[in-house]
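Trainee: What follows is a protein structure lacking sequence information:
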């Protein structure tokens, strides 16, 4: 939480978050998500929790062995059969 706070206190235009949900209380994760939705802040998010990331993002990239395997809007990737099979257990 302190690292995220330090990142936000200077009103950046861009913020890079790696696994923003790891080790944080769900209420804090939701608050960060709300900041992302309500601000003009561009956030580059690296996240294992794919569904949550896709719901938040305007643009998403799925990586496989270091290469971009799929890209699109978060909604497009949530609806993707390939993503569902490979990453969401569907």
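Mentor: Here it is on my side, so go on. Remember, predicted model here, so these are calculated numbers, not experimental data.
Trainee: low pLDDT regions in this structure?
Mentor: Low-confidence segments of the chain (pLDDT under 70): 21, 87-90.
Trainee: quick check: longest helix of it.
Mentor: If you go by DSSP state H, the chain has its longest helix at helix 26-38.
Trainee: okay, which residue is most central for the protein?
Mentor: Nearest residue to the geometric centre of the chain (C-alpha atoms, centre = their mean): residue 53, 3.6 Å.
Trainee: Against which helices or strands is the longest helix of the chain packed?
Mentor: helix 50-56 (3 or more C-beta pairs under 8 Å, 6 or more residues apart in numbering; DSSP states H and E). No exception for glycine: its C-beta is placed from N, CA and C like everyone else's.
Trainee: again, only this time at 7 Å
Mentor: The contact analysis (3 or more C-beta pairs under 7 Å, 6 or more residues apart in numbering; DSSP states H and E) places helix 26-38 against no helix or strand.
Trainee: which one is residue 28 nearest to, not counting chain neighbours?
Mentor: Nearest residue to residue 28, sequence neighbours excluded (C-beta to C-beta, 6 or more residues apart in numbering): residue 1, at 6.2 Å.
Trainee: isn't residue 59 right next to residue 73, touching?
Mentor: Yes: between residue 59 and residue 73 there is a contact at 6.3 Å, judged by C-beta atoms under 7 Å.
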